[in-house]
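[1] attaching a predicted model along with its sequence, questions to come.
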Amino acid sequence: MTKNIAITGVGAYLPEKVLTNHDLEKMVDTTDEWIVTRTGIRERRIAGEDEKTSVLAARSAQAALDDADLKAEDVDLIIVATISPDSNFPSVACLVQKEIGAAKAAAFDVSAACSGFLYALTTAKQFLTGGLYKNALVIAAENITSLVDWNDRSTCVLFGDGAGACVIQEADNGSEAKILSDYLHAEGQYGELMEVKMDWRKPLDQQTSEMALPMINMQGQELFKVAVNSMAEGAEIAVKKAGLKLSDIKCVVPHQANDRIISAVAKKLKMPKEKIFINIHKYGNMSAASIAVALCEAVKDGTIQKGDYVVLVTFGAGLVTAANVVKF
Ligand code: ACO
């Protein structure tokens with residue numbers, strides 16, 4: 001019989017430093033009104049010098065462990081979704097393992113941009129379903145503002161830093177909570193719509209000490225259209241795979257890239273916007289961490305209740321789309 005795997009704990013960590021739209025007005029040629037009407041974002045968090053991605057990740061992981069009432073030494077697997085790791089190696093997952101004291105856990109990172117959390121969730125679930133591991137920590141952590149060009153008003157207003165995590169385990173006997181369906185998709189032909197080019201990786205004889213740091217480059221309007229279609233399609237497929245109808249869904253937790261993208265997805269799915277969880281106004285787009293933090297907040301503030309069917313759905317640079325239907 002297939003094992004039922006459930007989300008048994010959630011956690012989040014947000015840096016304290018807040019950067020408001022009014023702060024950005026002093027940095028680039030923009031206005032609070034433009035940012036709010038075009039994106040829904042009012043403020044975002046910025047990681048401090050001592051808050052590297054692994055630090056954000058470890059703090060959210062500890063919160064999820066506490067929520068699940070699980071000790072770090074009982075964790076078998078740590079997967080961290082990130083596109084802004086502390087360094088190329090060691091992986092953020094290994095740094096987290098050391099930080100929280102999860103001595104027996106296997107640990108690795110997943111790179112799937114804003115879809116990373118759900119890619120990691122489905123990957124971890126497979127390890128548990130297959131019986132190799134029992135307790136997994138799935139974390140999404142981003143210091144994405146370190147990749148932002150603070151002179152480019154078309155991108156710098158969009159992003160923020162943060163981390164979210166969940167614990168997944170085999171569901172208790174008699175519990176109906178479980179991850180019901182998974183959908184992972186990639187469309188590499190759209191890769192150029194958003195990229196961080198590693199131009200500094202030149203042959204040794206062409207390297208200089210003044211090379212520019214890699215920064216986000218984005219074709220916003222094109223990405224907008226593809227994002228709406230991919231997220232709506234991903235949600236529909238995941239709901240169908242779960243044997244449910246969209247009308248059975250109590251709450252949709254989408255990637256938080258733009259409030260207008262979220263509205264367009266809701267319209268395509270013919271879902272009232274009240275059923276869509278939104279926290280983009282507080283944090284901006286935290287890449288992989290957005291949906292992990294949103295899920296944590298939706299559980300903690302009571303939006304998601306025991307027994308609810310919930311759709312998690314994301315899109316990200318790649319282009320990668322992912323969705324899960326979860327019963328809580
Ligand atoms: N403040 C004021 N004006 C601005 C700003 C700004 N911050 N940024 C751009 N503008 C101007 C433009 O220069 C343009 O001016 P013009 O008409 O004189 O040429 C005008 O505003 C309109 O620009 P558009 O790019 O057409 O604005 P749009 O309505 O498309 O909104 C946005 C831009 C918010 C980027 C939108 O396209 C979007 O959200 N796209 C999706 C982006 C996204 O989801 N990225 C994350 C990917 S997920 C991941 O993997 C990390």
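    Thanks, I have the structure now. All values derive from a computational prediction rather than experimental measurement.

[2] residues touching Asp301, list them.
    Shown in contact with Asp301 (Cβ atoms under 8 Å, 6 or more residues apart in numbering): no residues. C-beta here means a position set from N, CA and C on the backbone, and glycine is covered the same way.

[3] ok, it to the ligand distance?
    25 Å (Cβ to the nearest ligand atom, to the nearest Å).

[4] so what pLDDT did that residue get?
    Predicted confidence (pLDDT) for Asp301: 97.

[5] what of Ser209?
    57.

[6] likewise the one 10 residues further on?
    Among the per-residue scores, Gln219 holds a pLDDT of 87.

[7] shouldn't it be in contact with Met194?
    Yes: counting by Cβ atoms under 8 Å, Gln219 touches Met194, with 7.2 Å between them.

[8] run through the stretch 101-250 of the chain and note the low-pLDDT ranges.
    199-213 (pLDDT under 70).

[9] can you give me the strands in it?
    For the stretch 101-250 of the chain, the strands defined by DSSP state E, counting those that start in this stretch occupy 106-110, 135-142, 162-170, 178-186, 194-196, 216-218.

[10] the first one packs against which elements?
    It refers to strand 106-110. Applying 3 or more Cβ pairs under 8 Å, 6 or more residues apart in numbering; DSSP states H and E, one finds that strand 106-110 makes contact with strand 77-81, helix 92-100, helix 116-129.

[11] show me the contacts for Gln62.
    Gly11, Ala72, Ile100 are the contacts of Gln62 under Cβ under 8 Å, 6+ apart.

[12] residue nearest the centroid of the protein?
    Ala288 (2.5 Å; Cα atoms, centre = their mean).

[13] test my guess that it contacts Asp109.
    No: counting by Cβ under 8 Å, Ala288 stays clear of Asp109, with 10.3 Å between them.

[14] between these two, which contacts overlap?
    Contacts common to Ala288 and Asp109, judged by Cβ under 8 Å, 6+ apart, are Ala81, Thr82.

[15] the nearest residue to Asp172 once chain neighbours are set aside: which element?
    Nearest residue to Asp172 in three dimensions, chain neighbours excluded: Ala6, at 7.9 Å (Cβ to Cβ, 6 or more residues apart in numbering). Remark: Ala6 resides in strand 5-13, with elements defined by DSSP states H and E.
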